[in-house]
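K.L.:
3D, please:
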Amino acid sequence: MASSSSSVDMDPDVARRLFEEGATLVLLGVPQGTEFGIDCKSWQVGPRFRGVKMIPPGLHFLNYCSVNAPSCGGEIGPKTGHFLTLKPREILLGNWDPKEEALDFSASKNEEEVSRIRATLRELDPYLGPYPYEVMRKWVSLTDRLSEEMANNLQPLSGRICAFADVVPEVEFRHTKDRAEQPRNDTACQSMREGLDRLPRMKQREGTEVRFSVIPEKTYPPGATPAEITKCSMDLSYALETVLEKNHKQQPLNLLGELQFAFVCFLIGNVYEGFEHWKSLLTLLCRSEEAMRKHKELYLGLIAVLYHQLGEIPPDFFVDIVSQNNFLTSTLQDFFQFASGPSVDGTLRKRAEKFKAHLTKKFRWDFDADLDDCAPVVVELPEGVTVD
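P.N.:
Numbering: from 1, shown residues only. A predicted model of the protein is given here:
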């Protein structure tokens, strides 16, 4: 790695323990200049790079993006990431696939190959960069609710999380006859709509989709009355309970792990879908008044998760994305309003008050301002339902 020296000196006992118990990533063939990172730190790969050593056992997020040679413009490609769970003294072997511009870990299943690497580990040592231990506390704070099982269940079946979706045509035109029946592109389009209609319809390649929980489009139960629809549109508890029942029935607090997974995918992996899902989950949680009274531990955990997440986002980030349509401040304003209710658990209410004061001081957000949209909530009525 280029310039991999840490600004924080590691305690000798910690260094010794990591040297003895830490896992090792042996990564062969990674092109020089590749942007490479693990957890919350990244580097540019140098000519001697062969991997990372002294990695604390547990869950980690490996990420990288290829870089063209300076003669080709030096452009940086889209980022690819892998959630990996490493055991003590484990050796994980990855080979660079130049065609895919990604790491292939299939060699790790070859015990003979791994044994060969283990036997030559001493010779490899000078080419292995040490894990950036100074980011470990930050990484744990961002993933303490995310288990190995959850990460495996959420990440794509391919094992790769890509910043740009891998898409293929919905219909493969393998025969000349099939292609002939499609709209011709040799004449000028009369409108933008016509041009878009001529493009083949695309879908994400099977196995590359992040497997997030599905957020219900309708926030109310089937057969709901207009009054129930209005209630469920203002208090999203029904929709939240639907997500918990379908995806996290045994452990509702696992929803916080999914929130962390989505946040890491966006913050470190540059996956915009992760940001959108983080927003959707946060909206569900913050605007569910009834659920707040029922799931005390879930909401105490939410405050802790958000405390660390918002502490890691650069201040100018809010100007560009989070403050778009005032999403975060208005969502948290609803959360603090519901959390201050008399029927909310006292511990949760006090913790929410402290969190509100912290955010007000750090970001100078005003959560006590009057809500902008005092107009009635416009809701979608089921087919056949009319309001006289």
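
K.L.:
How about the contacts made by A163?
P.N.:
Contact analysis of A163 by Cβ atoms under 8 Å, 6 or more residues apart in numbering lists 65, 78-80, 269-272. (Each C-beta comes from the backbone N, C-alpha and C, glycine too.)

K.L.:
Sort out which of the residues you listed are in helices and list them.
P.N.:
Y272 (DSSP state H).

K.L.:
Distance to L154 for the contacts of A163 - can I get that in TSV?
P.N.:
Converted to TSV, these look like this (distance: Cβ to Cβ, whole Å):
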residue	distance to L154
C65	21
P78	20
K79	17
T80	16
G269	12
N270	17
V271	12
Y272	16
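
K.L.:
Generate a PyMOL selection restricted to the buried subset of the contacts of A163.
P.N.:
Typed into PyMOL, the line below selects the buried ones among the contacts of A163, using 16 or more other Cβ atoms under 10 Å:
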select buried, resi 65+79+80+269+270+271
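
K.L.:
any idea how far the residue lying closest to R50 once chain neighbours are set aside lies from Y272?
P.N.:
Using Cβ to Cβ, 6 or more residues apart in numbering and skipping the chain neighbours, the partner closest in space to R50 is Y127 (3.7 Å). Taking Cβ to Cβ, to the nearest Å as the measure, Y127 falls 35 Å from Y272.

K.L.:
Flag the shaky bits of the stretch 151-300 of the chain, pLDDT-wise.
P.N.:
Along the stretch 151-300 of the chain, segments meeting pLDDT under 70 span 165-170, 172-205.

K.L.:
in it, which spans are helices?
P.N.:
176-180, 192-198, 226-234, 237-247, 254-267, 272-286, 289-294, 296-312 (DSSP state H, counting those that start in this stretch).

K.L.:
Would you tell me which one of the ones you listed is buried the most?
P.N.:
Among these, helix 254-267 has the highest mean neighbour count (mean count of other Cβ atoms under 10 Å), at a mean of 24.

K.L.:
ok now stretch 122-133, how far from the chain's centre?
P.N.:
Between the centre of stretch 122-133 and the centre of its chain there are 28 Å (Cα atoms, centre = their mean, to the nearest Å).

K.L.:
residues of that stretch that come out buried?
P.N.:
Result for stretch 122-133 [16+ other Cβ under 10 Å]: buried residues 124, 128-133.

K.L.:
Need the three-state assignment for the closest residue to L128 other than its chain neighbours.
P.N.:
Distance criterion Cβ to Cβ, 6+ apart; nearest residue to L128, sequence neighbours excluded, is K53 at 4.0 Å. The three-state assignment at K53 reads strand, by DSSP: H, G, I helix; E, B strand; the rest coil.

K.L.:
beta partners for K53?
P.N.:
Applying DSSP bridges to K53 yields these beta-bridge partners: P130.
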